[in-house]
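Chemist: My questions concern the predicted model and sequence given below.
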Amino acid sequence: MTRQDSEQIDVPVVMVVDDDPIVVAQTVRALQSAGYRTLSADSGPMAISISARFIPHVLLVDLDLPLVGGIEVCRE
């Protein structure tokens with residue numbers, strides 16, 4: 001493991017989930033500017049799929065998502 005890999009592990013990962021691409025883009029940009037690593041999804045099913053592979057430290061989820069709502073995403 002390189003020093004860069006070690007530093008990346010120490011940076012919290014925030015997943016942004018919203019069906020509005022503007023909200024996702026602005027939130028991701030702000031978080032990355034603050035030094036966070038980010039993941040994003042535009043639907044509940046996509047968020048669940050990504051979370052199964054890359055476990056985020058924090059979820060910022062729109063509660064009113066179509067198909068699978070934000071509460072269900074958090075439960076999964």
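Modeler: Structure's in. What do you need?
Chemist: Where does pLDDT dip in this protein?
Modeler: By pLDDT under 70, the low-scoring segments of the chain are 1-9.
Chemist: Ramachandran coordinates for the residue nearest the centre of it?
Modeler: Nearest to the centroid of the C-alpha atoms of the chain, with distances taken as Cα atoms, centre = their mean, sits residue 15, at 1.0 Å. The phi and psi torsions at residue 15 (degrees, to the nearest 10) take the values phi -100, psi 130.
Chemist: just the one 5 residues further on next, same as before
Modeler: The main-chain torsion angles of residue 20 are listed as degrees, to the nearest 10 and equal phi -100, psi 110.
Chemist: residue contacts, the spatially closest residue to it that is not a sequence neighbour?
Modeler: Excluding the flanking residues, the one nearest residue 20 by Cβ to Cβ, 6 or more residues apart in numbering is residue 62, at 7.5 Å. Yep, even glycine has a C-beta here, placed from its N, CA and C like the rest. Residues near residue 62 by Cβ atoms under 8 Å, 6 or more residues apart in numbering: 17, 18, 19, 20, 23, 70.
Chemist: Swap in 10 Å and give it another go.
Modeler: Residues touching residue 62, when contacts are defined by Cβ atoms under 10 Å, 6 or more residues apart in numbering, comprise 16-20, 23-24, 42-44, 47, 69-70, 73.
Chemist: Residue 43 too?
Modeler: When contacts are counted by Cβ under 10 Å, 6+ apart, residue 43 touches 17, 18, 19, 49, 62, 65, 66, 67, 68, 73.
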